[in-house]
Every structure is written in C-alpha cells, then in structure tokens.
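Engineer: whatever this is, show me its structure:
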Amino acid sequence: MRVCVIDGQGGGLGKLLVSRLRGALGERHAVVASGTTSAAARAMREAGAVYVSVGQSAIVDTLPTVDVIVGTLNLVLPGAMGGEITPAVAHAILNAKAKKVLLPLNGAHVEIVGTEECTLHALIARSLARVARFAGTSCPD
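Structural biologist: Have a look, this model is predicted:
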C-alpha cells in the first residue's frame, strides 16, 4: 500500500504524520510525501518519506499512484494555506480513487459539524489508526 501525506507551508504537520506513519506501517507499506512548498517537502523527507515531490504538477501526478491520502481539511479547500492549495490540487485530491483521511484542522474557518474538538496529537492518533486499518495492520499506541 502507498500512503501519501500532503502538507504545505513549513511542513510541521506533514513531518509528524510521515514519522508516525512510518512507525505504524513499517517497511511493508510506502509512505510518500507531496509538499505544496519546498520547505514542506524537505520536512517530510527528513521524517522518512520514501519519495517526495513538490508543487502542483507533482502532487497531481503522484495522486493516481497512491492508495490513501493523509492531510488536513485544507487540502480540499481551494485558496487554503495562504493560497498554496490551488483549485487543481483540490480537484485532484477529491477525484483521486485513494481513500482520504483528513484531519479537521483548517485556517479557512470551516467547521465540520459532528466532530468534537481534539488535540492535534489525538487527531494524528485517530488518523494513524484509520490508515493502519486500511493497511491491515494494527497501530501502536
């Protein structure tokens, strides 16, 4: 299975996700990363992503090759992340056949009704558990 973490800006969240996914999924599954900026891509490479791409074209080209996409709700909101999420990126993510595991964090002031507030670490833990289920593995606590 190939899991793609997408992040932008400085890549702090993407770095956390890549690192934790690598630990949760082991070597049997590939964790790849796509950054909307070179700083985000660099952070995710440092965290251990096996393949890293950067920019709109690279993101769009990578998505058909992955089974799961992990990131924040911002990824499907054109104009989010200070304009880093282009309409083409949002469209490619929404239309990808991959399952999407999106953390309800966003700077666009969009609230998802039915989700309770959690800490970032709790959201990451839930996301990891979901991806591990897709991979048929268990997620360490």
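
Engineer: the strands in the chain, which residues?
Structural biologist: Secondary structure of the chain (DSSP state E): strands at 2-7, 30-35, 51-54, 68-72, 99-103.

Engineer: possible to save the ones you listed as CSV with mean neighbour count?
Structural biologist: Placement of C-beta: from N, CA and C, glycine included. CSV is the format used below for these (neighbours: other Cβ atoms under 10 Å):
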stretch, mean neighbour count
strand 2-7, 26
strand 30-35, 26
strand 51-54, 19
strand 68-72, 25
strand 99-103, 17
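
Engineer: turn those strands into TSV, columns for mean pLDDT.
Structural biologist: Conversion of the strands of the chain to TSV gives the following (pLDDT from 0 to 100):
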stretch	mean pLDDT
strand 2-7	98
strand 30-35	97
strand 51-54	96
strand 68-72	96
strand 99-103	94
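
Engineer: possible to save those strands as TSV with distance to residue 125?
Structural biologist: Below are those laid out as TSV (distance: least, Cβ to Cβ, whole Å):
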stretch	distance to residue 125
strand 2-7	15
strand 30-35	16
strand 51-54	24
strand 68-72	13
strand 99-103	11
